[in-house]
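Asker: Sequence first, predicted model second:
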Amino acid sequence: MYKELLRSIENIEIYPIISLVMFVLFFVGMFIWIFQVDKTYVDHMKNMPLNDEPQNENGHEKI
Amino acid sequence: MSETTLERFYYDNKIVKYFGAATVIWGLAGMLIGVLAATQLFLPEANLGNPYTTYGRIRPLHTNAVIFAFVGNAIFAGVYYSMPRLLKAPMWNKTLSWFHFWGWQAIIVSAVITLPLGLTSSKEYAELEWPIDIAIALVWVAFGANMIGTLIKRREKHMYVAIWFYLASFVTVAVLHIFNSLALPVSLFKSYSAYAGVQDALVQWWYGHNAVAFFLTTPFLGLMYYFLPKAANRPVYSYKLSIVHFWSLIFIYIWAGPHHLLYTALPEWAQVLGVAFSVMLIAPSWGGMVNGLLTLRGAWDKVRVDPVLKFMVVAVTAYGMATFEGPLLSLKNVNAIAHYTDWIVAHVHIGALGWNGFLTFSMLYWLWPRMWKTTLYSTKLANTHFWMGTMGILFYALPMYVAALTQSLMWMEFGDGGRLAYPNFLETVIQIVPMYMLRAFGGLIYLLGAIIMVYNMIKTAAKGSFQEEEADEAPALLKHVSTSGEFWHRAWERKPVFFTILATVAILIGGVVEIIPVMLVKSNVPTISSVQPYTPLELQGRDLYISHGCVGCHSQMIRPFRAETERYGEYSKAGEYVYDRPFLWGSKRTGPDLHRVGGKYPDSWHYQHMVDPRSMSPGSLMPPYPWLVVNTMSHSDLPAKIRTMQKFGVPYPEGYDEIAVNDLMIQANAIVANLKETGVEVAPDTEIVALIAYLQRLGTDIKKTAVTNP
């Protein structure tokens, strides 16, 4: 039943190609973004786990 | 930022404490059951002489306890600690948090009850029956809703990469769980899979592989990206790398499932896809490992003294080893040797003991002193635990590699006359018994180490005072004003719901491309006209086989190798499994393959062998099943089973559910008469009769063609 349903879609062969192109574009875009991204943003993100302690906490070196 | 805009809020440490405690309690239970199962493999007496503690039922209990109870609770503890702090907002809804906690524990308890009782779907890592599956879906949705609610209420504009991993894990596990658990119920605790044979196998390993990916790996990568920088007190080596790591990992992982089915009856194209994507996986995996290890650059002096960092270094290294080994095992030539052997068992334990276990331990050693506002009770004991754990992993894994290669080479060795050098499967098992003993020893040391940790945690808690809520302050999140020229990825990453949808699309594509064609294209499963549905008695016997977990040690899939066709008979064809709901191909041969066992031995051999395997095969490690000849079956569930099968299109004649029990009795009486000739008296309604009927049917349909259509 589903098979007929799929067959009835015109030019279904194009769909895998569209998805491939979408993913290639996504990854290319991601790499472009990675290489030009703002350094302050990266530093902000990087330090998130370190800056999340409440103010009353006295440092991490407790062991 | 001005003081007046600061909002005050509280982090909930109590839920973290509860999930942490559940982690260690279930962890110890899961490891203990693992040691028991490992012992049963060289000492059949350790099966304790009853069905409930016999290996076939203990093994799924062990895997479920470790994966969903130990690792699951550890994930939740880590998420409930890190997420509110990263987003500067408490978890969205406390009631939902506690529903999540108690719901998850109730599911674990129901697994502890149902699995030893033999109530199982037999699909690996998805054994629980349908009512529990529904409960899992509900609790999982509560967890996801709580996360997304927190994201919406957050005070921090951007989502740290750890949260991306949590979200992707949530959506993917939800999708996997729902599709793999689709089944039609027969009764409250029995259902038949919505898929049959090859299709069931593909869906199962799409699920099974991604359960490893999105339950054991991605959430733990999130934990690594949060707790490793915290413990090392320095930011992650490369945040950019972590972004590449995230997207490439979730996109590629979802495709790799078919590598569990190489050389089986799965269509070739699906196997090739699985191999290709598995090999590609090494890139993001190692990117992540390198990112973790390099975070410690300049801090290696700390690794020497801080047990938290020691555990983390071994965990990340184990992740690197397991993700190198994975693609290696996916190559068809390596897989030909490794599949069905202890190599796979070693591989998963590098992941479970090294990556999941050690990262969990490090997280708990880090969390406990902080939540109790004190210092760790004993660094010395933590170091002892570290070395016991490390030795445990080595004693576990190394003997398993030796056992795997020894056994695999023995299976494939041909003598001078062109015959199998070791035609008796048992010879290849007895050879590796010492390795099984060493493995159990390794598991035992690992367990003892974990017990030391629990002692240390209890002492640490006793020393400090638990801070149930931690106050923090942050300014409210201002409505974002879009600035032109801002890049799309950064904008997306600020929109959590959209981001979640995007991650879902990334993982769905792989599943859709692989699974839908196998479901739809008829030529993927060539039909064989002589393959007929199981008779009622065989169906009952098959359900007994499922309930006793026979699939844990016996495969039903002969690969097209000469060494296998010589040993077992004609290789397995996809069309032979069209009535198998669920499929029972298995993934480990502790005993021989059973796909062509039908007609190989007389009924009386099976009878004696089930009562005492060693009477027929001296030295056998198979546990005895004497209760099968005493326990009777009422067969009252048979009509419902037949009707369920008919709904799936299994061609039983109309109204057959009414008369099936008559056919069942005719076949049972024939087997009883057959056994009587050899001096064995047994009632026709005993379990053994049904099981013999099933075993004698296995793999025989294809032989009928050979006789009738020469």
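Answerer: Arrived safely, thanks for sending. Residues are numbered from 1 along each chain as shown, chains lettered A, B, ... in the order given.
Asker: So residue B:68 sits against residue B:109, correct?
Answerer: No - judged on Cβ atoms under 8 Å, residue B:68 makes no contact with residue B:109 at a distance of 11.9 Å. Placement of C-beta: from N, CA and C, glycine included.
Asker: of the two, who's got more company?
Answerer: Per other Cβ atoms under 10 Å in any protein chain shown, whichever of residue B:68 and residue B:109 has more neighbours is residue B:68, with 22 against 11.
Asker: Quick check: pLDDT value at that one.
Answerer: pLDDT, residue B:68: 97.
Asker: Pull the number of nearby residues for the nearest residue to residue B:460 once chain neighbours are set aside.
Answerer: Using Cβ to Cβ, 6 or more residues apart in numbering or on different chains and skipping residues adjacent in sequence, the residue nearest residue B:460 is residue B:377, 4.3 Å away. Residue B:377: 21 surrounding residues under other Cβ under 10 Å.
Asker: who's in contact with the nearest residue to residue B:125 once chain neighbours are set aside?
Answerer: Leaving aside its chain neighbours, residue B:125 sits nearest to residue B:211 (5.0 Å; criterion: Cβ to Cβ, 6+ apart). By Cβ atoms under 8 Å, 6 or more residues apart in numbering or on different chains, the residues touching residue B:211 are B:67, B:125, B:126, B:173, B:176.
Asker: Which parts of chain A are helices?
Answerer: For chain A, the helices defined by DSSP state H cover A:2-7, A:14-36, A:39-46.
Asker: Residue B:101 is nearest to which of those?
Answerer: helix A:39-46 (30.1 Å; Cβ to Cβ).
Asker: related to what we said a few turns ago, ok, of the contacts of residue B:211, which one's closest to chain A?
Answerer: Lowest distance from chain A to the contacts of residue B:211 (Cβ to the nearest Cβ) belongs to residue B:176, with 20.0 Å.
Asker: returning to that earlier point: looking at the contacts of residue B:211, which are in strands?
Answerer: When DSSP state E is applied, those are split such that none fall in strands.
Asker: Span of stretch B:115-124 from start to end?
Answerer: End-to-end distance of stretch B:115-124: 12 Å, with Cα to Cα, to the nearest Å as the criterion.
Asker: can you give me how far that stretch is from the chain middle?
Answerer: Averaging C-alpha positions (Cα atoms, centre = their mean, to the nearest Å) puts stretch B:115-124 13 Å from its chain's average.
Asker: Quick one: residues in contact with that stretch.
Answerer: Contact with stretch B:115-124 is made by B:51-53, B:57-58, B:60-61, B:63-64, B:114, B:127-130, B:180-181, B:183, B:189-191, B:193, B:200, B:204, B:207-208, B:546-549, B:551, B:582, B:584, B:587, as judged by Cβ under 8 Å, 6+ apart.
Asker: These in helices, which ones?
Answerer: Using DSSP H, these in helices are B:57-58, B:60-61, B:63-64, B:114, B:130, B:180-181, B:200, B:204, B:207-208, B:546-547.
Asker: Comparing the helices of chain A, which yields the minimum mean pLDDT?
Answerer: The minimum mean pLDDT among the helices of chain A belongs to helix A:2-7 (a mean of 57).
Asker: Check which element follows the helix or strand of chain B with the lowest mean pLDDT along the chain.
Answerer: Every helix and strand in chain B was compared by mean pLDDT, DSSP states H and E; the lowest is helix B:488-493, with a mean of 64. Where DSSP states H and E defines the elements, the next helix or strand beyond helix B:488-493 is helix B:496-520.
Asker: Quick one: mark the members of the contacts of residue B:211 that sit in helices.
Answerer: B:173, B:176.
Asker: any idea which of the contacts of residue B:211 is the one closest to residue B:389?
Answerer: Nearest member of those to residue B:389, counting by Cβ to Cβ, is residue B:67, at 18.4 Å.
Asker: Could you tell me how many residues sit around that closest one?
Answerer: Residue B:67 has 19 neighbours, counted by other Cβ under 10 Å.
Asker: Now residue 30. Nearest residue, chain neighbours left out?
Answerer: Assuming you mean chain A. Leaving aside its sequence neighbours, residue A:30 sits nearest to residue B:247 (Cβ to Cβ, 6+ apart; 5.9 Å).
Asker: Can you look at chain B instead?
Answerer: In space, residue B:30 is closest to residue B:65, 3.3 Å off (Cβ to Cβ, 6+ apart).
Asker: So that neighbour versus residue B:71, what's the distance?
Answerer: Separation of residue B:65 from residue B:71 (Cβ to Cβ, to the nearest Å): 10 Å.
Asker: again, but for residue B:329
Answerer: 21 Å.
Asker: where does the stretch 151-300 of chain B come near chain A, residue by residue?
Answerer: Taking Cβ under 8 Å from any Cβ of the partner chain, the part of the stretch 151-300 of chain B that reaches chain A is made up of B:156, B:158, B:160-162, B:225-227, B:229-231, B:233-236, B:239-240, B:243-244, B:247-248, B:251.
Asker: In the stretch 1-150 of chain B, which residue sits closest to chain A?
Answerer: Proximity of the stretch 1-150 of chain B to chain A (Cβ to the nearest Cβ) peaks at residue B:85, 4.0 Å away.
Asker: Next up, the contacts around that residue.
Answerer: Counting by Cβ under 8 Å, 6+ apart, residue B:85 touches A:52, A:53, B:11, B:472.
Asker: Surely residue B:359 is within a helix?
Answerer: Yes - membership of residue B:359 in a helix is supported by DSSP: H, G, I helix; E, B strand; the rest coil.
Asker: tally of neighbours for it?
Answerer: For residue B:359, the number of neighbouring residues by other Cβ under 10 Å comes to 27.
Asker: are any of the residues of the stretch 151-300 of chain B next to chain A buried, and which?
Answerer: B:156, B:158, B:160-162, B:225-227, B:229-231, B:234-236, B:239-240, B:243-244, B:247-248, B:251 (16 or more other Cβ atoms under 10 Å in any protein chain shown).
Asker: Among the residues you listed, which lie within helices?
Answerer: For these, secondary structure assignment (DSSP H) places B:161-162, B:225-227, B:229-231, B:239-240, B:243-244, B:247-248, B:251 in helices.
Asker: now for the residues you listed, which pair is the farthest apart?
Answerer: Spatial extent of those (Cβ to Cβ) is set by the pair B:231 and B:251 at 29.4 Å.
Asker: Give me the contact list for stretch B:430-442.
Answerer: B:35, B:38-39, B:41-42, B:342, B:391-400, B:402-403, B:406-407, B:410, B:619, B:621.
Asker: That one: which residues count as buried?
Answerer: B:432, B:435, B:436, B:437, B:438, B:439, B:440, B:441, B:442.
Asker: measure the fifth one to chain A for me?
Answerer: This points to residue B:438. 34 Å (Cβ to the nearest Cβ, to the nearest Å).
Asker: which residues sit in contact with the residue lying closest to residue B:357 once chain neighbours are set aside?
Answerer: With Cβ to Cβ, 6+ apart as the criterion, residue B:357 has its nearest non-adjacent residue at 7.0 Å, and that residue is residue B:389. Contacts here follow Cβ under 8 Å, 6+ apart; on that basis residue B:389 touches B:311, B:314, B:353, B:357, B:358, B:361, B:445, B:446, B:449, B:450.
Asker: list the contacts for the fourth one?
Answerer: When contacts are counted by Cβ under 8 Å, 6+ apart, residue B:357 is found next to B:27, B:315, B:389, B:446, B:450.
Asker: Return the per-residue confidence for it.
Answerer: Listed pLDDT for residue B:357 reads 98.
Asker: what's the closest of the contacts of residue B:357 to chain A?
Answerer: Nearest to chain A among the contacts of residue B:357 is residue B:315, at 16.9 Å by Cβ to the nearest Cβ.
Asker: Cheers, nothing more for now.
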